[in-house]
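> Just need the structure, nothing else, for what follows:
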Amino acid sequence: MYLTHEEYKEKGGCMTSSAFLILESRARKKLDLYTQNRLQKLTEIPEDIKTLMLLLVGKLKSHEERDTGGISSVSNDGYAVSYEKGTEAEDALESVMLSLIREYAAPWCFRGIDGRCGG
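A predicted model of the protein is given here:
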C-alpha cells in the first residue's frame, strides 16, 4: 500500500475506509503497471507517490460518481435517449491517470529508449 487511509484523510480525503481501500487497490495496480512494480521495492514511499495516489484515488472516485449508465443525453419531446460509447469515459480516465503518473512517478516508470512512461 502506497497510501494508508490515515494518510489519505490527513491529506484531505473524505472516503470511508472500505471505499478507499477498493479504489486505492485499483490505483495501485495501475501505478504498478506503469512502473513495472518498481515502487514495491522501496522501503519508504516518497511524498510524490503518496500525492499521486491521493490524486488517482480521487479521479477514480469522481469517475464512479459520474457513471450515468452510459446515457449521454435524453430528449423529452419525442423521447430519445443517446448512449455514449462505453470506452469514451474509460479512455478519458486512462488518459488523465497516465498524465498524472508521468508527472509524479517519472523516475520509476522509464520503459524504453524514448524515455516515455506508457503508450
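
> tell me which element the residue sitting nearest the centre point of the chain is part of?
When CA atoms, centre = their mean is applied to the chain, the residue found nearest the centroid is Leu56 (3.4 Å). Using DSSP states H and E, Leu56 maps to helix 47-66.

> Could you list the low-pLDDT ranges of the protein?
In the predicted model, the chain carries pLDDT under 70 at residues 66-78, 81-87, 111-119.

> hey, where'd the helices end up in the protein?
Ranges of helices in the chain, per DSSP state H, are 5-10, 17-35, 47-66, 86-104.

> I'd like those as CSV, with distance to Phe110 appended.
To be clear about C-beta, it is placed using only N, CA and C from the backbone, and glycine gets the same treatment. Formatted as CSV, the helices of the chain follow (distance: least, CB to CB, whole Å):
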stretch, distance to Phe110
helix 5-10, 26
helix 17-35, 9
helix 47-66, 15
helix 86-104, 11
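
> Compare those helices and give me the one nearest Lys41.
Among these, helix 17-35 comes nearest to Lys41, with 10.0 Å by CB to CB.

> The closest one vs helix 86-104, what angle?
70 degrees (axes from the mean of the first three to the mean of the last three CA atoms, to 10 degrees).

> tell me what helix 17-35 is packed against?
helix 5-10, helix 47-66, helix 86-104 (3 or more CB pairs under 8 Å, 6 or more residues apart in numbering; DSSP states H and E).

> can you give me the offset of the shortest one from its chain's centre?
I take that to be helix 5-10. Between the centre of helix 5-10 and the centre of its chain there are 17 Å (CA atoms, centre = their mean, to the nearest Å).

> Cool, thanks, signing off.
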